[in-house]
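In: Structure for the following, please:
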Amino acid sequence: MPAVLRHTPRALPLLASLLVAVPLMAACTSTAASPNPSGPCNGAAEQSAPGFYPDLERQLPARVDGQTPTNVRSGRYCSARTLGSLEKAGIHELQFAGGALPDPQNRAAGLAVVVYRAPGMTLDQLADAQANGAGNTQGVAGVTAQRATIAGRSGIRIDVSVQSGAEMMFFWPTPAPGVFDAVTGIGTTEAQVTAAVAAFATAGAAGTTPTPGT
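Out: Residues are numbered from 1 along each chain as shown. This is a model prediction of the structure:
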């Protein structure tokens, strides 16, 4: 995500923003002061902060291959600008939590571990929003998506070709309806991504009921 990439929610901007410690996914509008997670978004395109949804943050891996995720944040997307194709699919609020695993040798590279939640959302809808967001981003040469078995479940892998190198996104369902785990890697190896996927097995119990405010 340079420090700020905008428009549709997707894991690539999420990772860059986590790595540089700016607001999650770098939304186009300002986050409202002291937003209430159980209330309406009040016109905000995005709201996020550490501890915004502590139950979602507990579902993130505490350790990935010996490394602790940093800049852990959670929040929600509430507008067509930040929801992208999800809004057209009838998803009017997407909740999320994410943490970064930066490459100590390269600030532009690393992993992000993410949990997404929205009632009624399907894996295909989430992956479609992410792929569309990637395809509409400047500097992206190509986007491919394919079915894959991830953490023993039927998931989706998205590969993004950019000038700076390969980017990988993996999405798969949790046992709870409308809740999905995700791992994104920029400039990482398959082994590093595999370790991040495996780390979700030791994360907090997935499946709390979402409480959208919109």
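In: going forward, measure contacts and count neighbours with C-alpha atoms only.
Out: OK.
In: Specify the beta-bridge partners of Arg117.
Out: With beta bridges defined as DSSP bridges, Arg117 has these partners: Gln95, Val179.
In: pretty sure it contacts Phe96?
Out: Yes - contact between Arg117 and Phe96 holds when scored by CA atoms under 8 Å: they sit 6.1 Å apart.
In: of those two, who's got more company?
Out: Using other CA atoms under 10 Å, the more surrounded residue of Arg117 and Phe96 is Arg117, with 27 against 24.
In: give the contact list for that one.
Out: If a contact means CA atoms under 8 Å, 6 or more residues apart in numbering, then Arg117 has Leu94, Gln95, Phe96, Gly178, Val179, Phe180, Pro210 as its contacts.
In: okay, now the closest residue to the third one other than its chain neighbours: neighbour count?
Out: In space, Phe96 comes closest to Tyr116 once its chain neighbours are excluded; the distance is 4.4 Å by CA to CA, 6 or more residues apart in numbering. Other residues within reach of Tyr116 by the criterion other CA under 10 Å amount to 22.
In: Against Ile156, how distant is Tyr116?
Out: Computed with CA to CA, to the nearest Å, the distance linking Tyr116 and Ile156 is 14 Å.
In: quick one, phi psi at the closest residue in space to Ala89 that isn't next to it in sequence?
Out: Taking CA to CA, 6+ apart, and ignoring the residues beside it in sequence, Ala89 has Gln125 as its nearest neighbour in space, at 7.4 Å. Gln125 has phi and psi values of phi -70, psi -40 when expressed as degrees, to the nearest 10.
In: which stretches of this structure form helices?
Out: Using DSSP state H, the helices of the chain run over 11-19, 54-57, 80-83, 85-88, 123-135, 190-199.
In: hmm, who's touching the second one?
Out: Looking back up the chat, that one is helix 54-57. For helix 54-57, the external contacting residues (CA under 8 Å, 6+ apart) are Gly51, Val72, Arg73, Ser74, Phe96, Ala97, Gly98, Val115, Thr208.
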